[in-house]
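S.K.: No sequence on hand, only this structure:
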């Protein structure tokens, strides 16, 4: 029996300190919802989770960019729908003007509306979306992500050009494309039909662009969900499992505290020998 060194107390204190640290770590995991309470718990996992978090953020930004491009294309189609209505009315006016029973004054009345519709189409061709021209012959691009080699994945979309020849013929000042005579009205009809055909092609392309962009956005959503699940498996705590561990550590700490108290009492037995 010794007094100076209480090995039982030292051992109990060491185990109690260990269990207390584990209890605090379990408490931190439950309060934060992350099983990586400290970096040393899973350094490699934390690094991988950080990469996933960055990629998830990039995917969110890419989906926002695609959403803006979809809005751009939808705005294009909205204006082009108005152009379609103008062309339909112009073709109707041109057909009415071919009527030989119409007088020159009658045709002049039709011509006024026809000219205004021509001007309307010209004004539409100058519209922009947040400073970017809506109607240009240049293809538009949107970056959807980064592939395995680190190169950007860029989707190139064909533009809709209201400044194409099929439309500018109608906007010209040549009397050949007016309706103030039956001959010019007949020529205008041919030009309008060409413009209508071109518009149908352009609207079809814009619709295809929107469809492609929606597919890209949905694809990115799937990728984001899968990356989020992978990240969750690395860092998110299993509350049921950790709660059981927390209860276990609580019991061990309480038991260790009681045993440390007992270990500190044992050397007092030496006083009986001294007193005896």
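M.R.: Sure, I can see it. The structure displayed is predicted, hence computed values, not measured ones.
S.K.: Just read off the phi/psi values of the closest residue to residue 70 other than its chain neighbours.
M.R.: Leaving out its chain neighbours, the residue that sits closest to residue 70 by CB to CB, 6 or more residues apart in numbering is residue 213, at 4.9 Å. Using the backbone N, CA and C atoms, a C-beta is placed for each residue, glycine as well. Residue 213 adopts backbone torsions of phi -70, psi -40, taken as degrees, to the nearest 10.
S.K.: and if you look at residue 129?
M.R.: Backbone torsions of residue 129, given as degrees, to the nearest 10, read phi -120, psi 110.
S.K.: Which of the helices or strands spans the closest residue to it other than its chain neighbours?
M.R.: Closest residue to residue 129 apart from its sequence neighbours, by CB to CB, 6+ apart: residue 72 at 4.9 Å. In the assignment (DSSP states H and E), residue 72 maps to helix 43-97.
S.K.: Show me how far that helix is from its chain's centre.
M.R.: Relative to its chain's centre, helix 43-97 lies at 12 Å (CA atoms, centre = their mean, to the nearest Å).
S.K.: any weak-confidence spans in the protein?
M.R.: Across the chain, residues meeting the criterion (pLDDT under 70) sit at 1, 147-152, 171-176, 275-276.
S.K.: quick one, strands of it?
M.R.: Assigned by DSSP state E, the chain shows strands spanning 128-129, 132-133, 140-146, 152-157.
S.K.: As a markdown table, these with mean neighbour count and distance to residue 46 would be great.
M.R.: A markdown table is the format used below for these (neighbours: other CB atoms under 10 Å; distance: least, CB to CB, whole Å):
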| stretch | mean neighbour count | distance to residue 46 |
| --- | --- | --- |
| strand 128-129 | 14 | 42 |
| strand 132-133 | 13 | 41 |
| strand 140-146 | 16 | 22 |
| strand 152-157 | 13 | 28 |
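S.K.: and residue 263, which of these is closest to it?
M.R.: Residue 263 sits nearest to strand 140-146 of all the strands of the chain, at 60.2 Å, using CB to CB.
S.K.: what's that closest one packed up against?
M.R.: Counting contacts by 3 or more CB pairs under 8 Å, 6 or more residues apart in numbering; DSSP states H and E, strand 140-146 is packed against helix 43-97, strand 152-157, helix 182-235.
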